[in-house]
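Novice: Any chance you could fold what I've pasted below:
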Amino acid sequence: MAQRMALRRLLFLTPRGPLAPAGRALGTSARRGSTFNVQDGSDFQDRVVNSSKPVVVDFHAQWCGPCKILGPRLEKMVAKQEGKVVMAKVDIDDHTDLAIEYEVSAVPTVLAMKNGDVVDKFVGIKDEDQLEAFLKKLIGA
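Specialist: Numbering: from 1, shown residues only. Down below sits the predicted model:
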């Protein structure tokens, strides 16, 4: 419990840029096949750690302005990869245990996972060119 409170305190104190207007939170049907919301630790284990495909894990929060910008941008870029990679969305307020386990100290934090291992990571907003490079490195293109 103390770890959970410390993480929340840290996340609320993390410097953030100006908040942008909230974008669409839900993906379109074209993106649904490649993006999913993590339901619990078991779901994360099954669909992320044990995935045969590379996985982009987006640790975010509903109250996070930069997350609302990055999320849809990242979903769009993952959808362009045509099934070579999937995206898991983890709300840190609902899954604090996963945020602690993966040492998430600010949101948005994005992990690149392959064969259950974290192979790359970034914190904050990236533009589409940077996201494309991040994804290509993950899938080996």
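
Novice: where does the protein have low pLDDT?
Specialist: Across the chain, the ranges flagged by pLDDT under 70 are 1-32, 141.

Novice: By residue count, which helix of it is the longest?
Specialist: Longest helix in the chain by number of residues (criterion: DSSP state H): helix 65-79.

Novice: Any buried residues in it, and which?
Specialist: For helix 65-79, a neighbour-count test (16 or more other C-beta atoms under 10 Å) marks 65-72, 74-79 as buried. Every residue, glycine included, has its C-beta placed from N, CA and C.

Novice: same check, this time on stretch 122-140
Specialist: Result for stretch 122-140 [16+ other C-beta under 10 Å]: buried residues 125-126, 131, 134-135, 138.

Novice: With distance to R47 added, can I get these in JSON lines?
Specialist: Converted to JSON lines, these look like this (distance: C-beta to C-beta, whole Å):
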{"residue": "I125", "distance to R47": "25"}
{"residue": "K126", "distance to R47": "24"}
{"residue": "L131", "distance to R47": "21"}
{"residue": "F134", "distance to R47": "20"}
{"residue": "L135", "distance to R47": "18"}
{"residue": "L138", "distance to R47": "16"}
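
Novice: and these, which of them are in helices?
Specialist: Per DSSP H, the buried residues of stretch 122-140 map to helices at 131, 134-135, 138.
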